[in-house]
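*Asks:* just need the structure, nothing else, for what follows:
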Amino acid sequence: MTTQRPSGPFRVGDRVQLTGPKGRMHTITLREDGELHTHHGVLKHTALIGAPDGSVVANSGGHEYLALRPLLRDFVMSMPRGAAIVYPKDAAQIVTQADVFPGAVVVEAGVGSGALALSLLRATGPDGRLISFERRADFADVAQANVATFLGGLPDTWDLVVGDLVETLPTTVEPASVDRVVLDMLAPWECIDVVADALAPGGVVLCYVATATQLSRVAEYVRNTGLFTEPEASETMVRGWHVEGLAVRPDHRMVAHTGFLITARRLAPGAIPPDVKRRASKTPSYGDDDVEQWTPGAVGDRQITDKNLRKRVRDAQKAADGARIAASGRAQGDADPGA
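*Replies:* As a prediction, the model looks like this:
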């Protein structure tokens, strides 16, 4: 199905972001019999159904709430998660640095909770194609439900493949047919060879890694293949500012390091790039044992339990069902203008 973000008055099944007293935020899915209960009072969903986006409504206690449809960044930060998400600041950089354009054929691995897939689907547009790979079926279920929730259904331009990229990519796409590849995984260097086969000349590979050791390992592997341009690495930090009259200062908190981005472009077959002068390394090479010391599991990242993950899958699928109801209601309303 072809999907688009809903607009116009709020309808049953829409997700609505409510900002109440003291900036407290709530995200709800509208139902005919739904109610939001807080210690400030009760807000009936019927007060929102039919109201335009950006309305202000009051609950039973007289407290007012600003109602808006969540932006993509709002949805990503609050959606059910199986795996850790790609933060909006990094997703924006990925789309720009990889130059993801409307109509592009893009491969993504792994899909995680679907946060990056949403940005890539928006960037490739109705004429593009996104092929997402995920090893874990339960993570794929969460991602699929999150995409369906935000878009109101699953787009025709998205294929979600459960399997290992190295094994399944060669059978999924033709050689030299992919414009962009984004790798968000623990050991992206293991996939570079099959990615090189899939990429068209001039195509971009972008890897999103968490640690400096992973960054070094993937950069050296890309260089040693002789199939890509010199890799470029960066990280993005975002600091908000408080602006009120002459009280202008940076926020006390900021979104600092979340991951590194490293990009390179596929050379034409047989092309040999000009030599790049680099200072020779004085340190010995490292092996898998060195990398293992800096993986997320080794440095103490919290792992989600199976029970918690099953709950998140249920939450994501419940939200997706509500979005499908809303999409169905919008389709009926378009078919019957007098309704």
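*Asks:* going forward, measure contacts and count neighbours with C-alpha atoms only.
*Replies:* OK.
*Asks:* give me the element Phe10 is part of.
*Replies:* Of the helices and strands defined by DSSP states H and E, none includes Phe10.
*Asks:* and the one 3 residues further on, by the same measure?
*Replies:* Secondary-structure assignment from DSSP H and E places Gly13 in no helical or strand segment.
*Asks:* that one: neighbouring residues, count only.
*Replies:* When neighbours are defined as other CA atoms under 10 Å, Gly13 has 25 of them.
*Asks:* that one and Phe150, how far apart?
*Replies:* Here the criterion is CA to CA, to the nearest Å. By it, Gly13 lies 11 Å from Phe150.
*Asks:* what about the helices in the stretch 51-200 of the chain?
*Replies:* Along the stretch 51-200 of the chain, counting by DSSP state H, counting those that start in this stretch, helices occupy 72-78, 88-97, 115-124, 137-151, 165-172, 192-198.
*Asks:* hey, which of those helices is tucked in deepest?
*Replies:* Mean neighbours per residue, mean count of other CA atoms under 10 Å, is largest over the helices of the stretch 51-200 of the chain for helix 137-151, with a mean of 24.
*Asks:* helices and strands around that helix, which ones?
*Replies:* Judged by 3 or more CA pairs under 8 Å, 6 or more residues apart in numbering; DSSP states H and E, helix 137-151 is in contact with helix 115-124, strand 158-162, helix 306-335.
*Asks:* please list the residues outside that helix that contact it.
*Replies:* The contact list for helix 137-151 (CA atoms under 8 Å, 6 or more residues apart in numbering) reads 3-5, 72, 75, 79-83, 111-115, 117-118, 134, 153-154, 160, 162, 309-310, 312-313, 316-317, 319-324.
*Asks:* so how far is Ala109 from Ala143?
*Replies:* 12 Å.
*Asks:* same question, Tyr87
*Replies:* Note on Tyr87: its distance to Ala109, by CA to CA, is 16 Å.
*Asks:* of those two, which one has the most company?
*Replies:* Shown here are Tyr87 and Ala109; by other CA under 10 Å, Ala109 has more neighbours (24 against 16).
*Asks:* list the contacts of that one.
*Replies:* Residues in contact with Ala109, defined by CA under 8 Å, 6+ apart, are 132-134, 165, 182-185.
*Asks:* beta-bridge partners for it, please?
*Replies:* For Ala109, the beta-bridge partners are Phe133, Leu183 (DSSP bridges).
*Asks:* got the CA coordinates for stretch 207-224 in PDB?
*Replies:* Presented in PDB, the C-alpha positions along stretch 207-224 are these (Å, rounded to 0.1, in the frame of the first residue of the first chain):
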ATOM      1  CA  CYS A 207      28.700   2.400   8.700                       C
ATOM      2  CA  TYR A 208      27.300   3.400  12.000                       C
ATOM      3  CA  VAL A 209      29.500   2.100  14.900                       C
ATOM      4  CA  ALA A 210      29.600   2.800  18.600                       C
ATOM      5  CA  THR A 211      33.200   2.600  19.600                       C
ATOM      6  CA  ALA A 212      36.600   3.900  18.400                       C
ATOM      7  CA  THR A 213      38.000   0.400  18.000                       C
ATOM      8  CA  GLN A 214      35.100  -0.600  15.700                       C
ATOM      9  CA  LEU A 215      35.700   2.600  13.800                       C
ATOM     10  CA  SER A 216      39.400   1.900  13.300                       C
ATOM     11  CA  ARG A 217      38.700  -1.700  12.300                       C
ATOM     12  CA  VAL A 218      36.100  -0.900   9.600                       C
ATOM     13  CA  ALA A 219      38.200   2.000   8.200                       C
ATOM     14  CA  GLU A 220      41.300  -0.300   7.800                       C
ATOM     15  CA  TYR A 221      39.200  -3.000   6.200                       C
ATOM     16  CA  VAL A 222      37.600  -0.600   3.700                       C
ATOM     17  CA  ARG A 223      41.100   0.700   2.800                       C
ATOM     18  CA  ASN A 224      42.600  -2.700   2.300                       C
END
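*Asks:* identify the residues contacting it?
*Replies:* So stretch 207-224 is in contact with 182-189, 192, 228-231, 258-264, 291, 294-296, going by CA under 8 Å, 6+ apart.
*Asks:* apply 7 Å and report the result again.
*Replies:* Stretch 207-224 is contacted from outside by 182-185, 188-189, 228, 230-231, 258-263, 291, 294, using CA atoms under 7 Å, 6 or more residues apart in numbering.
*Asks:* and that stretch, what's buried?
*Replies:* Of all the residues in stretch 207-224, those buried under the rule 16 or more other CA atoms under 10 Å are 207-211, 213-215, 217-219, 222.
*Asks:* just stretch 253-268 next, same as before
*Replies:* Those would be 258-267, for stretch 253-268 by 16+ other CA under 10 Å.
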